[in-house]
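Mind folding the following:
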Amino acid sequence: PIVLYDPLADRWLISQFEVDPTPNLQCIAISQTGDPTGAYYAYSFVAPVPPVVSEHKFQDYPHYGVWPDAYYLTTNQFNIAGTAFLGGGAYAFDRAKMLAGDPTASYIYVDVFPIDPNAGGMLPTDVDGYVPPPVGLPQLMMEWRADEFGDPNDALRLYEFVPNFASPGSSTFTVRPDILVAPFDARQPAGRAKVEQLGGENLDSIADRLMFRLAYRNLGTVSTPANSWVGNFSVNVSGVNPTTAGTYQTGIRWFELHSGGTSLPTLFDQGTHNLTPGDGAAGLNNWMGAIAQDNQGSLALGFSQPSTTQRA
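The predicted structure follows:
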């Protein structure tokens, strides 16, 4: 389940995806007031269903973002059997109609695979605070790139999504230039049992994607330029090529992007957080982070921290 607050409307968004294979649904509820325990408008949106059954897709790993013109969703797409990854999916839901409980609320879907076959695990921007973004600043979805994956640089990739609910065919989804970041080590052991913890099974680092949320805040007069995005993902800080959990250690690469007006963001600040790196065998693992900022531009980063001597 995903729960988000829409600060621009004082409403709550709750979502859960449904797993019947044909069709699978994205279920979304929008609160009718600012009371999260009150009444909701409930929607179940059928994921895009192509005419050929063998081409149906399961929309996995759904993550949402609140933006003035729409509620946005990114997914990892699989075949119905769950045996083949079919690229990223992106959705824009008609926020204005959903806030009003309009049963005709629709969505615009983009199959990202033909645009960028390597896209997956990307996140939509999610707004914080009561100051909206500048009019015309588009929704930006992001993911990260690494030279260990065959990309030319360690970087953030930006996707600009501009929906048009009145004329869906006029909607645009555009890959923007990558934002280069300081080099990091994206190498990780094969399989899911990568992060050690005291007294329990090894854990999956999920270190191939951004961690939820990709948070935006309009800092107004506190910062020039005022638009600020913050995000994070897990990287290897063991200092060696990790082939087992015992040679793998995670740290958190965090980043802050800034822009003014409706321009595209550039890198403002970054870092890798692990106070005891270089110890894959017994060192602490900082991973599965979440980051946000307050209205003064101060950042807070939370994370899990297991090791062979500490539980997650």
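
contacts, neighbours, all on C-alpha from now
Fine.

mind listing the helices for the protein?
Listed in chain order, the helices found in the chain under DSSP state H are 95-99.

Tell me the pLDDT of the residue nearest the centre of it.
Using C-alpha atoms, centre = their mean, the residue of the chain that lies closest to the mean C-alpha position is Leu123, 2.4 Å off. Looking at Leu123, its pLDDT is 98.

show me where pLDDT drops low in the stretch 51-200 of the chain?
Per-residue confidence of the stretch 51-200 of the chain (counting by pLDDT under 70) places no residue in a weak region.

Which residue ranges of it form strands?
Defined through DSSP state E, counting those that start in this stretch, the strands belonging to the stretch 51-200 of the chain, from first to last, are 57-67, 70-79, 85-93, 107-111, 123-128, 139-145, 155-162, 172-180.

and the longest one, what other elements does it pack with?
Right, strand 57-67. If you count contacts as 3 or more C-alpha pairs under 8 Å, 6 or more residues apart in numbering; DSSP states H and E, strand 57-67 packs onto strand 2-6, strand 70-79, strand 123-128.

likewise the third one?
If you count contacts as 3+ C-alpha pairs under 8 Å, 6+ apart, strand 85-93 packs onto strand 70-79, strand 107-111.

and the ones you listed, which is most packed in?
Most buried of the helices and strands packed on strand 85-93 by mean neighbour count (mean count of other C-alpha atoms under 10 Å) is strand 70-79; its value is a mean of 23.

Tell me how many other residues surround Val222.
The local packing of Val222 (other C-alpha atoms under 10 Å) involves 11 other residues.

now swap in Thr309 and tell me
Thr309 is flanked by 13 other residues according to other C-alpha under 10 Å.

Tell me which residues touch it, please.
Gln197, Leu198, Ala282 (C-alpha atoms under 8 Å, 6 or more residues apart in numbering).

Kindly report the same for Gly297.
Gly297 is in contact with Leu219, Val222, Ser223, counting by C-alpha under 8 Å, 6+ apart.

Please tell me how far the residue nearest to the last one when sequence neighbours are not counted sits from Thr250.
Translated: Ser223. Counting by C-alpha to C-alpha, 6 or more residues apart in numbering, Gly297 is the residue found nearest to Ser223 once chain neighbours are left out, at 7.6 Å. Remark: distance between Gly297 and Thr250 (C-alpha to C-alpha, to the nearest Å) = 26 Å.

Next: Ala155.
If you measure Ala155 against Thr250 using C-alpha to C-alpha, the figure is 18 Å.

The two: who's more crowded?
Neighbours of Ala155 and Thr250, each counted by other C-alpha under 10 Å, are more numerous for Thr250; the result is 33 against 20.
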